[in-house]
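Participant: this is a predicted model, with the sequence first.
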Amino acid sequence: MTDEIKSESEKAKNLYFNATIDPEDYLNQLSQIKTEVLQNVANNFKANINNVAGLLTLPAQMVKIGYITYAIRKSIEESKLTSKTEQEAFIKQYFKNHLGEENTRKILEIAFSEIQAHLEVEDKLTNDWQSFLYAALLQSWTAFESLANDMWVGVLNAYPGNLAQRALADKANKEQQAIEGLSQKQINIDMLARYGYDLRSVMGTLLKDKFDLTGVNGLKKAYLTVFVNRDNDLKAKITEILGDKDLYNLEQMRHVLTHRGGLVDENYISNVKSPLIVGEKIELDMEKVVFYLNTAIKSGIKLLVVIDGYLSQINDK
């Protein structure tokens, strides 16, 4: 590798490769989930995380395609290959010789550095790049929120006994979050008919509107209500996971990006202790986005592992 390429490679690390997603680590942990209902949730979570990771590499992949296309065309011209058969054979051999894992990574590193160089001088591209990073950050939060929602609903559907009863009996939500057709004392006949007169496998689906499952505070309330009875250790674990500062900050950014186009307000500044002033825009870089993607991954895995352990104890009894 030439000194110039080494230099470009080092610059690329500032954009992506210093902020590492470790797929092997989280894939290994997801594969250890024992409970069947959670295995489905874990597979969906893995797919969502892989989608975000793929999105983050897409710009460099596009630059890589342009780089390879140019290199192949130039080589064909210099070799003066005219027949289609010769050109196809050359392209096939080129990919075999030059696009192994190591060379592909080097090309991607250079591609990221090229993107970085353009970002430093093109205002329009910088604005578009922020939109791209916003999309990745939003998907990172959505991956975690979907996991937490699907797990809560799925577990109550699969284990309706005491878990659903705790949700129904939650006094704090009883008045303000009454569910049409369902209470502790009565069930509407139309609701029964809708589900074939058997609600055992849909209790989570019916009860999800009783709780706010759209943010960490609401999720914490929902999980503690349903999964914690007298188990203080479980309560502490759930509280720690859903009380994580970085996860909360990710949620707060998601709210500002979704509802205010990234322009911060007083609530955001107060909630995350931000140095920004009202009306300023949240600025992201690749490293920050990958950091919060990893936050979503780690928090999701921890929650899966804790609830899987809880359900394994129930299954063993």
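Facilitator: Yep, it's here.

Participant: just for this structure, where's the confidence low?
Facilitator: 1-25, 27, 170-205, 230, 315-317 (pLDDT under 70).

Participant: now with 80?
Facilitator: 1-28, 96-105, 108, 161-209, 229-231, 314-317 (pLDDT under 80).

Participant: not counting sequence-adjacent ones, nearest residue to H118?
Facilitator: L125 (5.5 Å; C-beta to C-beta, 6 or more residues apart in numbering). All C-beta spots, glycine's among them, are computed from the backbone N, C-alpha and C.

Participant: tell me how many other residues surround the one you found.
Facilitator: 13 (other C-beta atoms under 10 Å).

Participant: I'd like to know which elements the helix or strand containing it is packed against.
Facilitator: Applying DSSP states H and E as the criterion places L125 in helix 123-158. On a contact count with 3 or more C-beta pairs under 8 Å, 6 or more residues apart in numbering; DSSP states H and E, helix 123-158 meets helix 36-79, helix 101-119, helix 161-168, helix 203-207, helix 216-227, helix 245-260, helix 286-316.

Participant: any residues touching the fifth one, and which ones?
Facilitator: Under the criterion C-beta atoms under 8 Å, 6 or more residues apart in numbering, residues 145, 148, 152, 155-156, 163, 166-167, 170, 172-173, 211-213, 234-235, 238-239, 242-244, 247-248, 251, 303, 307, 310 lie in contact with helix 216-227.

Participant: now do the buried residues in it.
Facilitator: Along helix 216-227, these residues count as buried under the neighbour rule (16 or more other C-beta atoms under 10 Å): V216, L219, K220, K221, A222, Y223, L224, T225, V226, F227.

Participant: returning to what we had before: and the angle from the helix holding L125 to helix 286-316?
Facilitator: Helix 123-158 and helix 286-316 are oriented at 0 degrees to each other (axes from the mean of the first three to the mean of the last three C-alpha atoms, to 10 degrees).

Participant: in helix 123-158, what counts as buried?
Facilitator: Buried residues in helix 123-158 (16+ other C-beta under 10 Å): 129-130, 132-134, 136-141, 143-145, 147-158.

Participant: before we move on, the earlier item: right, and the residue nearest to H118 touches E114 too?
Facilitator: No - applying C-beta atoms under 8 Å, one finds L125 not in contact with E114, separated by 11.5 Å.

Participant: ok, back up a step: quickly compare the helices and strands packed on helix 123-158 and say which is most buried.
Facilitator: Ranked by mean neighbour count, the helices and strands packed on helix 123-158 are led by helix 203-207 with a mean of 22 (mean count of other C-beta atoms under 10 Å).

Participant: my guess is V256 contacts D265. True?
Facilitator: Yes - look at V256 against D265 with C-beta under 8 Å: they come within range, at 7.2 Å.

Participant: between helix 101-119 and the helix or strand Q93 falls within, find me the angle.
Facilitator: Secondary structure assignment for Q93, by DSSP H and E: helix 84-98. For helix 84-98 against helix 101-119, the angle by the same axes, to 10 degrees is 90 degrees.

Participant: between the helix holding L125 and helix 245-260, how many degrees?
Facilitator: Using the same axes, to 10 degrees: helix 123-158 against helix 245-260 is 110 degrees.

Participant: distance between helix 123-158 and the chain's centre?
Facilitator: Distance of helix 123-158 from the chain centroid (C-alpha atoms, centre = their mean, to the nearest Å) equals 5 Å.

Participant: same question for stretch 263-275.
Facilitator: With C-alpha atoms, centre = their mean, you get 23 Å for stretch 263-275.

Participant: which residues does it contact?
Facilitator: Contacts of stretch 263-275 (C-beta under 8 Å, 6+ apart): 248-249, 252-253, 255-256, 276-282.

Participant: most widely separated two among these?
Facilitator: Y248 and G279 (22.5 Å; C-beta to C-beta).

Participant: specify the angle between the helix holding L125 and helix 36-79 in degrees.
Facilitator: Using the same axes, to 10 degrees: helix 123-158 against helix 36-79 is 150 degrees.

Participant: orientation of helix 123-158 relative to helix 216-227 in degrees?
Facilitator: 10 degrees.

Participant: helix 161-168 and helix 123-158, what's the angle between them?
Facilitator: Using the same axes, to 10 degrees, helix 123-158 lies at 120 degrees relative to helix 161-168.

Participant: so can I have TSV of the buried residues of helix 216-227 showing distance to K288?
Facilitator: Converted to TSV, those look like this (distance: C-beta to C-beta, whole Å):
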residue	distance to K288
V216	19
L219	23
K220	25
K221	29
A222	29
Y223	28
L224	30
T225	33
V226	33
F227	32
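
Participant: A296 touches W141, doesn't it?
Facilitator: Yes - taking contacts as C-beta under 8 Å, A296 lies within contact range of W141: 6.5 Å.

Participant: anything in contact with each of the two?
Facilitator: Joint contacts of A296 and W141 (C-beta under 8 Å, 6+ apart) are L250.
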